Structure formats: C-alpha cells, structure tokens
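Visitor: sequence unknown, structure follows:
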C-alpha cells in the first residue's frame with residue numbers, strides 16, 4: 001500500500017505527464033515545420049505557446065516537489081509498461097504505468113492545454 005496521499009500523488013503524476021506532453025509537442029512542432037500547411041506559422045505559434053505554458057507548469061511542479069522532498073524518476077519501459085521511482089519524504093516506491101494509459105492521459109491533458117489554455121486540477 002502506498003504512503004503517498006492523494007494530492008501529493010497528483011503532483012507527482014504531473015511530473016510524469018508534463019514531460020511526456022512536451023515530447024509530443026516537440027515532435028508535432030518538427031512535423032509541422034516540414035509540412036505543407038498554407039499558413040503554418042499559426043500552428044507553430046499554437047504549439048510553441050502551449051509548450052511555454054507546459055514548461056511553466058512543469059517548473060511549478062518541480063519547485064513544489066523539491067520543497068516537499070519528493071522526486072519522480074523514470075526507469076524501465078518494456079514496451080507495455082513504464083516504471084517510475086517515487087521518492088516521497090524518505091520513502092521509496094516503484095509505480096508501473098500502462099503505456100496506453102500514459103498515452104491516453106497525455107492526449108487528454110493536451111486537449112485541456114489547447115482548449116482552455118490552462119490545466120484543471
């Protein structure tokens with residue numbers, strides 16, 4: 001059983017999802033740069049502004065983690081699951097995430113950032 005309370009776990013999961021979201025956005029930016037869009041700067045601006053927003057949120061998360069003596073570290077990915085080490089106020093736990101769930105939650109989060117311009121907790 002985990003020793004991590006709900007709010008702290010949500011914070012730690014943001015430390016998982018925001019970097020994944022940045023990877024997706026970076027990939028999309030590169031694809032958009034070489035695409036045949038007629039007005040590609042609009043899409044590039046949307047992607048880059050979203051990246052800045054995610055980076056700002058990630059910095060807040062990392063600052064909160066550091067202040068609370070918490071850390072998330074990505075470990076093994078076997079193609080089906082990805083393991084993350086959670087260091088929580090002197091405790092250590094390994095958490096396994098199904099890659100399809102990681103992808104789906106990253107997509108949901110991207111939708112939130114693009115539609116609302118901010119994240120809902």
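Guide: Ah, there it is. In this text the structure is predicted, and so the values were computed from the model without any measurement.

Visitor: Does the residue lying farthest from the centre of the chain belong to a helix, a strand or coil?
Guide: Largest separation from the mean C-alpha position in the chain: residue 38, at 30.2 Å (CA atoms, centre = their mean). The three-state label given to residue 38 by DSSP: H, G, I helix; E, B strand; the rest coil is coil.

Visitor: Model confidence score at it, please.
Guide: We have a pLDDT of 87 for residue 38.

Visitor: Now the phi/psi pair for it, please.
Guide: phi -70, psi -40 (degrees, to the nearest 10).

Visitor: what's the answer for residue 89, then?
Guide: Dihedral angles of residue 89 (phi, psi; degrees, to the nearest 10) stand at phi 50, psi 50.

Visitor: Identify the residues contacting it.
Guide: 68-70 (CB atoms under 8 Å, 6 or more residues apart in numbering). C-betas here are computed from N, CA, C, even on glycine.

Visitor: got a winner among the residues you listed for most neighbours?
Guide: Taking other CB atoms under 10 Å as the neighbour criterion, residue 70 ranks highest of the contacts of residue 89 with 19 neighbours.

Visitor: I figured that residue hits residue 87, correct?
Guide: Yes: judged on CB atoms under 8 Å, residue 70 makes contact with residue 87 at a distance of 6.4 Å.

Visitor: hmm, back to that, any idea which of the contacts of residue 89 is the one closest to residue 100?
Guide: Using CB to CB, residue 70 comes nearest to residue 100 of the contacts of residue 89, at 26.1 Å.

Visitor: separation between the closest one and residue 28?
Guide: Distance of residue 70 to residue 28, computed by CB to CB, to the nearest Å: 30 Å.

Visitor: same question, residue 78
Guide: Separation of residue 78 from residue 28 (CB to CB) stands at 26 Å.

Visitor: go on, residue 80?
Guide: Residue 80 sits 24 Å away from residue 28, taking CB to CB as the criterion.
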